[in-house]
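Novice: output the structure for:
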Amino acid sequence: MWLFAKNSFVSIVSHRERPNDCLVRARVKGHLIRLFPKYTKEIFEDAEADYRWRLIVSKKQLAKVLTDYILHQLKYDNFKAMQEPDDPDAHPKHGDFIIAKIPKADSLGDDGEATFKRLVFDGPNVYLKAENKAYPLIDVTGKWFIIVGVVKAIAEKTF
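Specialist: Numbers count the residues shown, from 1 in each chain. Next comes the predicted model:
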């Protein structure tokens, strides 16, 4: 199940090998920390996973956390209106998916096409990397480009 909460987005699934536990996953570590502040030491990273930040909790612990959230933090009547406009997790970091515009040659405008890429920092160098290996890495080190937005979630369709 996906859970959208104030300043957090997580995916919750039943643990494959531990039937009484759940695996709570997030793309941003802070989302787990905000929802599960008492479990920050148990949060671990799987750098190869789509939702790289993870926490294993019992179903009873999860029910308590969600119940406490509903009883004590769910005070808004409009989810979109209560989102904080300057979310620190919205600022692009290494490995984030972004929508970027690369202006046409020597232009400072936003006349380039929008592109979906992974932002890669390699020392002083900055690259935009396509997930499709058929497309080349784009070196934007020292070049003007516009980050239109940081992708917060990707809806995947599986058959």
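Novice: ranges for the strands of this protein?
Specialist: 2-5, 8-14, 21-26, 44-45, 53-58, 97-101, 114-122, 125-129, 138-139, 146-150 (DSSP state E).
Novice: next, the buried residues of stretch 126-146.
Specialist: Judged by neighbour count using 16 or more other C-beta atoms under 10 Å, the buried positions of stretch 126-146 are 126, 127, 128, 129, 138, 140, 145, 146. Every C-beta, even on glycine, is put in place using the N, C-alpha and C of the backbone.
Novice: could you dump those residues to TSV with distance to residue 56 and pLDDT?
Specialist: Shown next, in TSV, are those (distance: C-beta to C-beta, whole Å; pLDDT from 0 to 100):
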residue	distance to residue 56	pLDDT
126	35	89
127	34	91
128	34	92
129	31	94
138	38	89
140	38	86
145	39	77
146	40	78
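Novice: can you add distance to residue 32 and give the strands of the chain back as JSON lines?
Specialist: JSON lines is the format used below for the strands of the chain (distance: least, C-beta to C-beta, whole Å):
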{"stretch": "strand 2-5", "distance to residue 32": "11"}
{"stretch": "strand 8-14", "distance to residue 32": "7"}
{"stretch": "strand 21-26", "distance to residue 32": "5"}
{"stretch": "strand 44-45", "distance to residue 32": "10"}
{"stretch": "strand 53-58", "distance to residue 32": "5"}
{"stretch": "strand 97-101", "distance to residue 32": "19"}
{"stretch": "strand 114-122", "distance to residue 32": "21"}
{"stretch": "strand 125-129", "distance to residue 32": "25"}
{"stretch": "strand 138-139", "distance to residue 32": "32"}
{"stretch": "strand 146-150", "distance to residue 32": "18"}
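Novice: out of these, flag the one nearest residue 73.
Specialist: Residue 73 sits nearest to strand 2-5 of all the strands of the chain, at 7.7 Å, using C-beta to C-beta.
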